[in-house]
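> how would this look folded up:
(one chain, ligands or ions: 1)
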Amino acid sequence: MALDTHQHDKSGLDVAALRADTRGCTNVVHLNNAGSALPPSVVVDTMVEHLRLEELIGGYEAHARAGDRINAVRDSIGALLDTSGSNIALSNSATDSWDRAFVAIKFANDYGPGTRILASSSEYASNVLPVMQLSRHLGVQLEFIPDDATGVTDVAALESMLDDNVAAVLINHCPSQNGLINPVAAIGHALARAQSNAWYLVDACQSVGQLPVDAVAVGADFLSVTGRKFVRGPRGTGFMYCSPRALSELEPFPADLFGTTWTPDGYTMRSDAQRFEAWEKSYAAILGLGAAVDYSLTLGLDAIKQRINYLAKEMRCMLDEIPGIKVLDRGIEKSGIITLRHERVDSAVIVAGLKELGINVSLGTPEYSQVDYLAHGVTSMVRVSPHIYNTLEELERCAEVVRGLSS
Ligand SMILES: Cc1ncc(COP(=O)(O)O)c(C=O)c1O
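Numbering: from 1, shown residues only. Below is the predicted model:
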């Protein structure tokens, strides 16, 4: 397949080099980076090297030998989020991060029928289901924030919903099921303006790695991320940013001896974000995650954003020209997630047809985000999510197959 070595995207990234760094590019047309991206080879090589060391000298001994490199992973993630490594906790997934934050908030507060929790309409199921449990069992009110005319969270509407009973505000930065980008920094400012005491949780699972995210500028108390998507790390990794307020006011529950020390008089907790970490981890995976983050930092998040934007824009243009296809993405500024459906052809048929020809995309269904799907009358969708190593030719091939399946 010929490469689009003409860099129309102006990112300055060397696409041939990116593809040479990514072994999977020779195997598949991978347009499912919002599911789990192809990692650069350095990620897998780093993991294998550490696993070999564990095999040869023992797990604890390999950990000790890698000590400084493991600590450096939090600093690299801190650099990715424009913050300090001391505000970063490692976890196993975005949901694991989210749950650690959510349980700590719940542990610090008495929730009851007067408690309100506000959420963006595009919220991911695992972020909302625990609130639904609190609704069912404690009477907590879960309220969805309306979207504005462009389709993103309406900041003014959110401001008008705030009062002293709002315990938490949950916002999805880039949803799984739509190419919109929610105005998370504007929401952070609105909460500060209103002097709200609500905890602000941002799901940055799909945004970190595909665009620059400044955790402090967002104003979130917690920002949860997974390793395997646009960050291009291994599966089973995740991390979260914890704000100074979160670190001074909240305890993880239940406490783990990694971040909490059992003393003769009781217990003491670490003052940094590692208080939210568990003792046992896959250090091979963490080192792999660190390699992925360092790879992105070397390329630069502005360049990565530019290339993904360019590819996503081209893809939307190609899809717009196919009769019967509707691109569903809302908002003015869009992410690298492209969502579509055909007016007659089942989305599952399109996904399966592409798969048969070696093109990976994914199928979206309402149980991942009921409110968003219901509000827009969508029952299923095809999601195409390119990354920097994808080429225009791959996108054209994808569009051609969609056209064939649509006729
Ligand atoms: C927007 C969003 N939030 C959260 C998650 C959950 O991530 P994880 O599976 O790492 O817990 C996903 C996964 O697809 C997602 O797309």
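
> ok, now how distant is residue 326 from residue 308?
Distance of residue 326 to residue 308, given as Cβ to Cβ, to the nearest Å: 22 Å. Glycine gets a C-beta too; all of them are placed from N, C-alpha and C.

> care to break this structure down by domain?
Here the domain parsing of the chain from automatic domain parsing is 15-38+300-406, 45-298.

> tabulate the ones you listed in JSON lines, adding columns for mean neighbour count, mean pLDDT and distance to the ligand.
Below are the domains of the chain laid out as JSON lines (neighbours: other Cβ atoms under 10 Å; pLDDT from 0 to 100; distance: least, Cβ to the nearest ligand atom, whole Å):
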{"stretch": "domain 15-38+300-406", "mean neighbour count": "19", "mean pLDDT": "96", "distance to the ligand": "7"}
{"stretch": "domain 45-298", "mean neighbour count": "20", "mean pLDDT": "97", "distance to the ligand": "3"}
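
> what's the closest of these to residue 9?
When the domains of the chain are compared by Cβ to Cβ, domain 15-38+300-406 sits nearest residue 9, at 3.3 Å.

> distance of residue 180 from residue 305?
For residue 180, the distance to residue 305 - Cβ to Cβ - is 16 Å.

> same check on residue 401?
Distance of residue 401 to residue 305, given as Cβ to Cβ: 27 Å.

> where along the stretch 1-150 of the chain do the strands fall?
In the stretch 1-150 of the chain, the strands defined using DSSP state E, counting those that start in this stretch lie at 29-30, 88-91, 116-120, 141-145.

> any chance of those in JSON lines, with distance to residue 381 too?
Output for the strands of the stretch 1-150 of the chain, formatted as JSON lines (distance: least, Cβ to Cβ, whole Å):
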{"stretch": "strand 29-30", "distance to residue 381": "19"}
{"stretch": "strand 88-91", "distance to residue 381": "29"}
{"stretch": "strand 116-120", "distance to residue 381": "18"}
{"stretch": "strand 141-145", "distance to residue 381": "20"}
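
> and the ones you listed: which comes nearest residue 256?
Across these, residue 256 has its closest neighbour in strand 88-91 (11.2 Å, Cβ to Cβ).

> tell me which strands that closest one pairs with, and in which orientation.
strand 238-242 (antiparallel) (DSSP bridges).

> kindly export the strand it pairs with (C-alpha atoms) in CSV.
The C-alpha atoms that make up strand 238-242 are tabulated as CSV, following Å, rounded to 0.1, in the frame of the first residue of the first chain:
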residue,chain,number,x,y,z
GLY,A,238,-4.6,3.2,33.6
PHE,A,239,-3.9,6.3,35.6
MET,A,240,-5.5,9.3,37.2
TYR,A,241,-4.7,12.9,38.0
CYS,A,242,-5.6,13.9,41.6
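
> contact partners of that strand?
74, 77, 81, 83, 87-98, 100-101, 215, 220-227, 273, 276, 289 (Cβ atoms under 8 Å, 6 or more residues apart in numbering).

> what about 7 Å?
77, 81, 83, 87-94, 96-97, 101, 215, 220, 222-227, 273, 276 (Cβ atoms under 7 Å, 6 or more residues apart in numbering).

> swap in stretch 109-128?
Stretch 109-128 has contacts (Cβ under 7 Å, 6+ apart) with 95, 98, 131, 134, 138-145, 147, 153, 158, 161, 165-172, 175-178, 182, 203, 367-369, 371-372, 375.

> one more pass at 6 Å, please.
The contact list for stretch 109-128 (Cβ atoms under 6 Å, 6 or more residues apart in numbering) reads 95, 98, 131, 134, 138-145, 147, 153, 161, 165-172, 175-176, 182, 203, 368-369, 371-372.

> just give me the residue right at the centre of this structure.
Nearest residue to the geometric centre of the chain (Cα atoms, centre = their mean): residue 205, 1.1 Å.

> ok, that one - contacts?
Contacts of residue 205 by Cβ under 6 Å, 6+ apart are 94, 225-226.

> save those residues as a markdown table, and put in distance to residue 122 too.
Shown next, in a markdown table, are the contacts of residue 205 (distance: Cβ to Cβ, whole Å):
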| residue | distance to residue 122 |
| --- | --- |
| 94 | 15 |
| 225 | 17 |
| 226 | 17 |
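
> just the ones of the residues you listed in helices?
Under the assignment DSSP state H, those contribute residue 94 to helices.

> any idea how far residue 115 is from the residue nearest to residue 355 when sequence neighbours are not counted?
Spatial nearest neighbour of residue 355, chain neighbours left out: residue 361 (7.8 Å); criterion: Cβ to Cβ, 6 or more residues apart in numbering. According to Cβ to Cβ, residue 361 stands 40 Å off from residue 115.

> mind naming the longest strand for the chain?
Across the chain, the longest stretch assigned as strand under DSSP state E is strand 166-172.

> what angle separates it from strand 141-145?
Orientation of strand 166-172 against strand 141-145 (axes from the mean of the first three to the mean of the last three Cα atoms, to 10 degrees) gives an angle of 40 degrees.

> how about strand 166-172 as PDB, C-alpha atoms only?
What follows is strand 166-172, C-alpha atoms only, in PDB (Å, rounded to 0.1, in the frame of the first residue of the first chain):
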ATOM      1  CA  VAL A 166     -24.700  19.000  44.200                       C
ATOM      2  CA  ALA A 167     -22.000  16.600  45.500                       C
ATOM      3  CA  ALA A 168     -20.300  15.800  42.200                       C
ATOM      4  CA  VAL A 169     -20.200  16.800  38.600                       C
ATOM      5  CA  LEU A 170     -19.200  14.100  36.100                       C
ATOM      6  CA  ILE A 171     -18.100  15.100  32.600                       C
ATOM      7  CA  ASN A 172     -17.000  13.100  29.700                       C
END
